[in-house]
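Student: Okay, sequence plus prediction incoming.
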Amino acid sequence: MFWALLLACADTSFYLHSDFCEEWVPGSEPELVVDITDLGFDVTRVGVEKPCDSVFSADITLDGKEIQIHEAWEYGDDEDCQICYSPAVSVEDPPRGTLTVRWFDDSTQATAVHAVEVDPDAL
């Protein structure tokens with residue numbers, strides 16, 4: 001499963017996608033994984049349990065050196081099936097220097113469930 005949505009903030013672009021988890025233990029807490037790429041970096045939240053026909057989306061804001069990702073999902077009709085997703089955001093052409101990425105598990109939550117500092121230029 002792969003789909004993408006392009007959001008733009010100045011020269012920085014965000015692409016959303018979601019895959020199924022690999023080597024995942026049911027009931028474990030989701031974790032945030034950052035991978036540096038040639039164009040910026042990917043931020044993936046591994047281990048999100050949702051109904052099988054769910055579709056990932058997100059509200060993303062870039063304010064200076066801080067990126068906020070508010071995870072959102074559209075749910076289908078299959079209530080009997082649960083699966084593990086790894087929703088991700090690819091950040092292309094991010095601002096220079098160290099950025100703080102805060103991931104919220106829904107659009108209304110005031111406190112991030114994950115926060116990480118990323119410097120794509122450090123490698």
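Tutor: Sure, I can see it. Keep in mind the model is a prediction, meaning the values are calculated, not measured. Numbers count the residues shown, from 1 in each chain.

Student: So what's the residue count around the spatially closest residue to Trp73 that is not a sequence neighbour?
Tutor: Once flanking residues are discounted, Trp73 sits nearest to Ser54: 4.9 Å by CB to CB, 6 or more residues apart in numbering. All C-beta atoms are positioned from the backbone trio N, CA, C, and that covers glycine. Applying other CB atoms under 10 Å, we find 20 residues neighbouring Ser54.

Student: Need the three-state assignment for the residue sitting furthest away from the middle of the chain.
Tutor: Distance to the chain centre peaks in the chain at Asp80, reaching 25.3 Å (criterion: CA atoms, centre = their mean). Secondary structure assignment for Asp80 (DSSP: H, G, I helix; E, B strand; the rest coil): coil.

Student: Restrict the host helix or strand of Asp19 to CA atoms and write it as PDB.
Tutor: Element membership of Asp19 [criterion: DSSP states H and E] is strand 12-20. Below are the C-alpha coordinates for strand 12-20, written out as PDB (Å, rounded to 0.1, in the frame of the first residue of the first chain):
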ATOM      1  CA  THR A  12      10.000  22.500   1.900                       C
ATOM      2  CA  SER A  13       7.700  19.700   0.600                       C
ATOM      3  CA  PHE A  14       6.000  16.900   2.600                       C
ATOM      4  CA  TYR A  15       4.900  13.600   1.100                       C
ATOM      5  CA  LEU A  16       2.600  11.300   3.100                       C
ATOM      6  CA  HIS A  17       2.600   7.500   2.700                       C
ATOM      7  CA  SER A  18       1.900   4.400   4.800                       C
ATOM      8  CA  ASP A  19       3.100   0.800   4.600                       C
ATOM      9  CA  PHE A  20       2.300  -2.200   6.700                       C
END
